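> Here is a sequence with its predicted model. Questions after.
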Amino acid sequence: MTETKALSKQELREKAESLCKEYNDKIQNGEFEEAMKIREEMEQVINEYTSKARTECFDEIKATENPIIAAVTRLTYPTIRAKDTKQGEEKVPVTIIEDIERAIDLLKLHKYIEGGIGVDKNWAYTVEKFNFLMTAQKAVDLGVDPKVVNDSYAMSEISRAIDMGKSPTSKTNILKTLNTVVAAMIGEEYKATSHDVNFLMSIYSRKNRKALTVSCANHKYMRQYLAEVCHRIVLGKKYEVDFKQISNK
């Protein structure tokens, strides 16, 4: 049986570029069935590239003295993706391969490194409990009976058993609770501020397509948001506000 040689990232990038060109040619010629087969292969190559890029990133972080500090400092790793766009004056639809930054999944990193990451190795359960409490608080804020959240929220039994005190997500206690989570992740010497609370409250939930409905963050997104909070704390950065500005033209 012949062993297939694993391709390097550079080789995978070149293969993705080549498949992308083939895909665009097929689309322009109206050969849509063949184009879809090529697109599927192209996405598989991109996924393989991303897997290699993630492993390289994890190995580099693993080799550091404090992996979770390295992870929240770095926050992302570079990879590629297929992007549908339009080019030229005629706005011809084409697909290109572009470089992007993908967020480091702290839970995947935790499982990848023997012994895990974080000051408290149960930090991920603490994040889950915090996420649950934030969702229950959002229900209260919107006049929804929190019993609905309490009875059906998806979380591990370990997370559910964690005690974070009385009224942990009230306006007077939420900073203290956030600092409990931050301490579990990166250490008690790092402190969140009211700005971190406001950032989290700003991005935690979003408008659902269904009328009068708000969607709260799932556990994966919550871990990502808290990684950004830790990133700001560790590096001493400031938050920014993006908005539509007056055009100079």
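Now that the structure is in, tell me what you want to look at. Numbers count the residues shown, from 1 in each chain.

> What lies in contact with the lowest-mean-pLDDT helix or strand in the chain?
Across the helices and strands of the chain, the lowest-confidence element by mean pLDDT, DSSP states H and E is helix 147-152, at a mean of 93. Contact with helix 147-152 is made by 132, 135, 136, 139, as judged by Cβ atoms under 8 Å, 6 or more residues apart in numbering. (Each C-beta comes from the backbone N, C-alpha and C, glycine too.)

> Phi first, then psi, for the closest residue to the second one other than its chain neighbours.
Counting by Cβ to Cβ, 6 or more residues apart in numbering, the nearest residue to residue 135 once its immediate chain neighbours are dropped is residue 216, at 4.5 Å. Listed backbone geometry of residue 216 is phi -100, psi 160, with angles given as degrees, to the nearest 10.

> if we can go back for a sec, give the buried residues for the least confident helix or strand of the chain.
residue 149 (16 or more other Cβ atoms under 10 Å).

> Off-centre distance for that helix?
26 Å (Cα atoms, centre = their mean, to the nearest Å).

> just to revisit the earlier point, could you measure the residue nearest to residue 135 against residue 161, distance?
According to Cβ to Cβ, to the nearest Å, residue 216 stands 21 Å off from residue 161.

> Give me the neighbour count for residue 165.
Residues near residue 165, counting by other Cβ atoms under 10 Å, number 10.

> hmm, back to that, make TSV from the contacts of helix 147-152 and add distance to residue 221, pLDDT and secondary structure to it.
Converted to TSV, these look like this (distance: Cβ to Cβ, whole Å; pLDDT from 0 to 100; DSSP: H, G, I helix; E, B strand; the rest coil):
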residue	distance to residue 221	pLDDT	secondary structure
132	14	97	helix
135	12	97	helix
136	17	96	helix
139	18	96	helix
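
> biggest separation within those residues, which pair?
132 and 139 (10.9 Å; Cβ to Cβ).

> The two - which one has more neighbours?
residue 132 (23 against 18).

> Would you mind checking the average pLDDT for whatever helix or strand residue 22 lives in?
Here residue 22 sits within helix 9-28, counting by DSSP states H and E. For helix 9-28, mean pLDDT is 97.

> Okay, buried residues for the very next helix or strand once past that helix please.
For helix 9-28, the following helix or strand on the C-terminal side (DSSP H and E) is helix 32-62. Neighbour-count burial for helix 32-62, counted by 16+ other Cβ under 10 Å, picks out 35, 38-39, 42, 45-46, 48-50, 52-54, 57-58, 61.

> now for the very next helix or strand once past helix 32-62, which elements pack on it?
For helix 32-62, the succeeding helix or strand toward the C-terminus, using DSSP H and E, is helix 67-74. Contact here means 3 or more Cβ pairs under 8 Å, 6 or more residues apart in numbering; DSSP states H and E; on that basis helix 67-74 packs against helix 32-62, helix 106-112, helix 174-186, helix 219-235.

> would CSV of those with mean pLDDT and distance to residue 87 be doable?
Output for the helices and strands packed on helix 67-74, formatted as CSV (pLDDT from 0 to 100; distance: least, Cβ to Cβ, whole Å):
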stretch, mean pLDDT, distance to residue 87
helix 32-62, 98, 17
helix 106-112, 98, 35
helix 174-186, 98, 44
helix 219-235, 98, 32
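
> closest one to residue 165 among the ones you listed?
helix 174-186 (7.1 Å).

> what angle sits between the closest one and helix 219-235?
90 degrees (axes from the mean of the first three to the mean of the last three Cα atoms, to 10 degrees).

> Distance from the chain centre to helix 174-186, please.
19 Å.

> and for that helix, what are the contacting residues?
68-69, 72, 118-120, 122-123, 126-127, 130, 133, 164-165, 168-169, 190-194, 196-197, 200, 226, 229-230, 233-234.

> how does the chain divide up, domain by domain?
9-112, 123-235 (automatic domain parsing).
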